[in-house]
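Peer 1: Predicted model and sequence below, questions to follow.
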There are 2 protein chains.
Amino acid sequence: MSKPSPRLYVEASLDAGAAVAASEGQAHYLLHVMRAGAGTLVKLFNGRDGEWEATLSLPAKKRVQFDVTRQTRPQTPMPDLWLAFAPVKRIEFLAEKASELGVAELQPVFTRHTDITRVNVERLRANATEAAEQCERLTVPTVHEPVSFERLIAAWPKDRRLYVLDETGGGIPIAAALTVHEPAGFLTGPEGGFAQSELDALRQLPFVTAVGVGPRILRAETAALAAVACWQALLGDWSGKDWAPRN
Amino acid sequence: MSKPSPRLYVEASLDAGAAVAASEGQAHYLLHVMRAGAGTLVKLFNGRDGEWEATLSLPAKKRVQFDVTRQTRPQTPMPDLWLAFAPVKRIEFLAEKASELGVAELQPVFTRHTDITRVNVERLRANATEAAEQCERLTVPTVHEPVSFERLIAAWPKDRRLYVLDETGGGIPIAAALTVHEPAGFLTGPEGGFAQSELDALRQLPFVTAVGVGPRILRAETAALAAVACWQALLGDWSGKDWAPRN
């Protein structure tokens, strides 16, 4: 099989005739990893203008440019699912898989038992972008700066359902919970679980539903990805039915 | 929080008063990684006799023994879901996550576009066992020796539904497919996808259903885990309903 064209996310506007400068990282990847040269076809997307074909050109030393030629796909809506998660050891894996599975927004949350104290948001954005490039998404998920648990629930939109992955076994089975088309997000805890005070606070919020993913104790990142897969299958763009698009 | 007891899979029978020898790997892990000593409480399971508490003892130099005291959980049935998959780069990750998600049998399959030519089955068993120990399963998934694609479909039980993850977009939405309680398994292809001849052969088999997991191109391991999560949520032991147990 022939190799598919490199597919890259850019920030610039895309239109026939546009000339878009490659980032330093993209230039390195194309020239030294892919061994691409002038004339190589690439695909570009920016989250707004659909997907475009472009031709690589080298207008000057150390300058790599994309000459945009034609649109290959129009911009189409994406499901508007959020994922809030306590940072875990495999946080980069989580960002990558969440991007593939079609999460729109990623929100790291520091809970009481979260061991990790610093999140490299730029690194997560790179993981999410690379996954979006590979899986043919037309957008890149938004990765927010971390917030505290208290801030997350104070700022959570009241009209958006917050499904909490409840590892204590108190949640309702996830498929039974995912029946209503409404704005939604998931929250997963850290390796050590939520603190009792956090679970108590969550249970009092009218927009929170505690859900369960079976009798085994899943790692935090496994629970998050399993939950997102179930949402996409039942309510999102895997369902073959109407779903709430991102505006 | 106090650390949970180490939880280990053993092959020996478990009963009150039994003395079980630790494997070399377990002895190393307990003494040198966990820094455990005589008297440390551990939990043991063997896939048949439930979960038991035991006390570590050191009856002789370089011998680590588990003195079994009391049953902490009876053996309970597990869903009988199979996962057949073309080996991919992240095969160890796949074995680990499939074990957490409750897959009963793992079957590597060499398809026409599979790049990987050798599978370290012992390594996969170790990944699956470690995940089972951590996620509180009472069984370890069976990891079979690899087979060819032709052998897989020739030997597949005619009364077991084979859901094929169809990356060409021709499958029915996964949630729409997972409606019948029956023996089942999934099949996922390699990074390069199934060959056309393989897809054609699959489509002619009465026990095959091609399913889709949305418009994005998921990596093979992501598709496999998403599919297993959906099955558990809709038909397996996450559903809170009756499900087909493993005999």
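Peer 2: Sure thing, it's come through.

Peer 1: Okay, strands next: where are they in chain A?
Peer 2: Under the criterion DSSP state E, chain A contains strands at A:7-9, A:19-21, A:41-45, A:51-60, A:63-73, A:81-85, A:105-110, A:142-143, A:147-148, A:161-165, A:172-173, A:184-188, A:208-212.

Peer 1: most packed of the ones you listed?
Peer 2: Scoring these by mean neighbour count under mean count of other C-beta atoms under 10 Å in any protein chain shown gives strand A:184-188 as the most buried, with a mean of 25. Every C-beta, even on glycine, is put in place using the N, C-alpha and C of the backbone.

Peer 1: where does chain A dip in pLDDT?
Peer 2: A:1-3, A:243-244, A:246-247 (pLDDT under 70).

Peer 1: what does it have sitting close to chain B?
Peer 2: Residues of chain A found near chain B (C-beta under 8 Å from any C-beta of the partner chain) are A:1, A:97, A:100-102, A:113, A:134-137, A:172-176, A:192, A:212-219, A:222, A:225-227, A:229-230, A:232-234, A:236-241.

Peer 1: Can you give the domain ranges for chain A?
Peer 2: By the assignment in automatic domain parsing, chain A contains the domains A:7-73, A:81-234.

Peer 1: quick revisit: please indicate which of the residues of chain A next to chain B are buried?
Peer 2: A:97, A:100-102, A:134-137, A:173-175, A:212-214, A:216-219, A:222, A:225-227, A:229-230, A:232-234, A:236-239 (16 or more other C-beta atoms under 10 Å in any protein chain shown).

Peer 1: related to what we said a few turns ago, in TSV: the domains of chain A, plus distance to B:Arg70.
Peer 2: As requested, the domains of chain A are arranged in TSV below (distance: least, C-beta to C-beta, whole Å):
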stretch	distance to B:Arg70
domain A:7-73	57
domain A:81-234	21
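
Peer 1: Could you check how far A:Tyr163 is from A:Cys230?
Peer 2: Note on A:Tyr163: its distance to A:Cys230, by C-beta to C-beta, to the nearest Å, is 10 Å.

Peer 1: now stretch A:159-175, how far from the centre of its chain.
Peer 2: With C-alpha atoms, centre = their mean, to the nearest Å as the basis, stretch A:159-175 stands 20 Å off its chain's centre.

Peer 1: Sorry, slip of the keys, the one I care about is stretch A:62-77.
Peer 2: 22 Å.

Peer 1: Any chance you could list what contacts that stretch?
Peer 2: A:8, A:10, A:14-22, A:26-27, A:30-31, A:42-44, A:47-59, A:138, A:245-246 (C-beta atoms under 8 Å, 6 or more residues apart in numbering or on different chains).

Peer 1: gap between the residue nearest the centre of chain A and A:Leu81?
Peer 2: By C-alpha atoms, centre = their mean, the mean C-alpha position of chain A lies nearest to A:Ser99, the distance being 3.3 Å. Separation of A:Ser99 from A:Leu81 (C-beta to C-beta) stands at 12 Å.

Peer 1: okay, now the nearest residue to A:Gly47 once chain neighbours are set aside: neighbour count?
Peer 2: In space, and not counting its chain neighbours, A:Gly47 is closest to A:Thr139: 4.3 Å by C-beta to C-beta, 6 or more residues apart in numbering or on different chains. The tally of other residues near A:Thr139 (other C-beta atoms under 10 Å in any protein chain shown) stands at 19.

Peer 1: Equivalent analysis for A:Val140, please.
Peer 2: 20.

Peer 1: First-to-last residue distance for stretch A:116-124?
Peer 2: 14 Å (C-alpha to C-alpha, to the nearest Å).

Peer 1: measure A:Thr114 to A:Thr168 for me?
Peer 2: From A:Thr114 across to A:Thr168, the span is 17 Å (C-beta to C-beta).

Peer 1: ok, the two, which is more surrounded?
Peer 2: The neighbour comparison of A:Thr114 against A:Thr168 (other C-beta under 10 Å) goes to A:Thr114, with 23 against 12.

Peer 1: got the contact list for that one?
Peer 2: With contacts defined as C-beta under 8 Å, 6+ apart, the neighbours of A:Thr114 are A:Ala86, A:Pro87, A:Pro190, A:Gly192.

Peer 1: One more pass at 6 Å, please.
Peer 2: By C-beta atoms under 6 Å, 6 or more residues apart in numbering or on different chains, the residues touching A:Thr114 are A:Ala86, A:Pro190.

Peer 1: The one 5 residues further on too?
Peer 2: A:Val119 makes contacts with A:Pro87, A:Pro108, A:Pro146, as judged by C-beta under 6 Å, 6+ apart.

Peer 1: Let me know the closest of these to chain B.
Peer 2: The shortest approach to chain B among the contacts of A:Val119 belongs to A:Pro87, at 17.7 Å (C-beta to the nearest C-beta).

Peer 1: Now do the closest one against B:Asp67, distance only.
Peer 2: 40 Å.

Peer 1: wait, A:Leu41 sits on A:Ser5?
Peer 2: Yes - with contact defined as C-beta atoms under 6 Å, A:Leu41 and A:Ser5 form a contacting pair (4.9 Å).

Peer 1: so where do the helices sit in chain A?
Peer 2: Residue ranges of the helices in chain A, as given by DSSP state H, are A:24-28, A:91-100, A:121-135, A:149-155, A:174-177, A:196-203, A:220-234.

Peer 1: Distance to B:Glu182 for those helices - can I get that in CSV?
Peer 2: Converted to CSV, the helices of chain A look like this (distance: least, C-beta to C-beta, whole Å):
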stretch, distance to B:Glu182
helix A:24-28, 48
helix A:91-100, 29
helix A:121-135, 31
helix A:149-155, 42
helix A:174-177, 17
helix A:196-203, 37
helix A:220-234, 19
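
Peer 1: Comparing those helices, which comes out most buried?
Peer 2: helix A:220-234 (a mean of 27).
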